[in-house]
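>>> Provided below for reference: sequence and predicted model.
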Amino acid sequence: MGYYTRITEADIFVSKDDFEYCYEAMCKLNDRDDLKTGGSWGAGISADNPRPEGLNFHPGKWFSWMDANYPETCKDMQTILYALGFEDIKFDADGNMIGLWYDNKTGAEDLFLQVIAPYVKAGGYLNWQGEDGSHYQYAFNGKEMIMKSGVISWE
């Protein structure tokens with residue numbers, strides 16, 4: 001089960017100077033057990049049990065396709081993006097991120113893109129197509145990511 005989607009067009013720019021800020025924001029998401037949709041039993045604990053004392057993540061809850069404690073296994077922004085299911089990340093000659101591609105089952109990619117949205121250059125976007133032919137866009141305005149529905153029409 002699941003819903004497959006893919007990026008059909010990308011215009012995105014993240015300065016290499018902001019990669020560490022993006023990484024920190026992505027890692028901070030692991031504190032948000034309420035947003036996690038994956039998991040049920042991990043590290044000997046059920047997702048139904050309370051988070052163990054002293055941990056800033058729940059070992060029985062995780063974001064889809066991610067380790068329960070991904071900040072331990074993913075050491076930079078790019079590694080997290082690959083773990084989420086992004087297949088190709090493009091960089092310019094200066095090392096800035098200029099492309100992002102995805103063709104996979106949906107997981108938590110939207111949550112991670114939301115937290116890096118303040119670091120994505122205003123006017124950037126990712127156009128997506130779902131397995132049922134639906135179209136949507138994640139548009140970045142320099143502060144946040146906005147999801148827009150799309151319809152293709154020919155006249």
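Alright, I've got the coordinates. Numbers count the residues shown, from 1 in each chain.
>>> need the strands for this protein, in chain order.
4-11, 41-42, 45-46, 86-91, 97-105, 125-130, 135-140, 145-150 (DSSP state E).
>>> how about those in a markdown table, adding mean neighbour count and distance to Tyr119?
From N, CA and C alone the C-beta is placed, and that goes for glycine too. Output for those, formatted as a markdown table (neighbours: other CB atoms under 10 Å; distance: least, CB to CB, whole Å):
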| stretch | mean neighbour count | distance to Tyr119 |
| --- | --- | --- |
| strand 4-11 | 16 | 15 |
| strand 41-42 | 14 | 30 |
| strand 45-46 | 16 | 34 |
| strand 86-91 | 14 | 14 |
| strand 97-105 | 18 | 10 |
| strand 125-130 | 18 | 14 |
| strand 135-140 | 19 | 9 |
| strand 145-150 | 13 | 11 |
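>>> Lys28: which of these is closest?
strand 145-150 (16.2 Å; CB to CB).
>>> which neighbouring elements make contact with the closest one?
In terms of contacts (3 or more CB pairs under 8 Å, 6 or more residues apart in numbering; DSSP states H and E), strand 145-150 is packed against helix 109-116, strand 135-140.
>>> quick one: closest of those to Gly60.
helix 109-116 (18.6 Å).
>>> pull the residues that contact stretch 92-99.
10, 12-16, 19, 88-91 (CB atoms under 8 Å, 6 or more residues apart in numbering).
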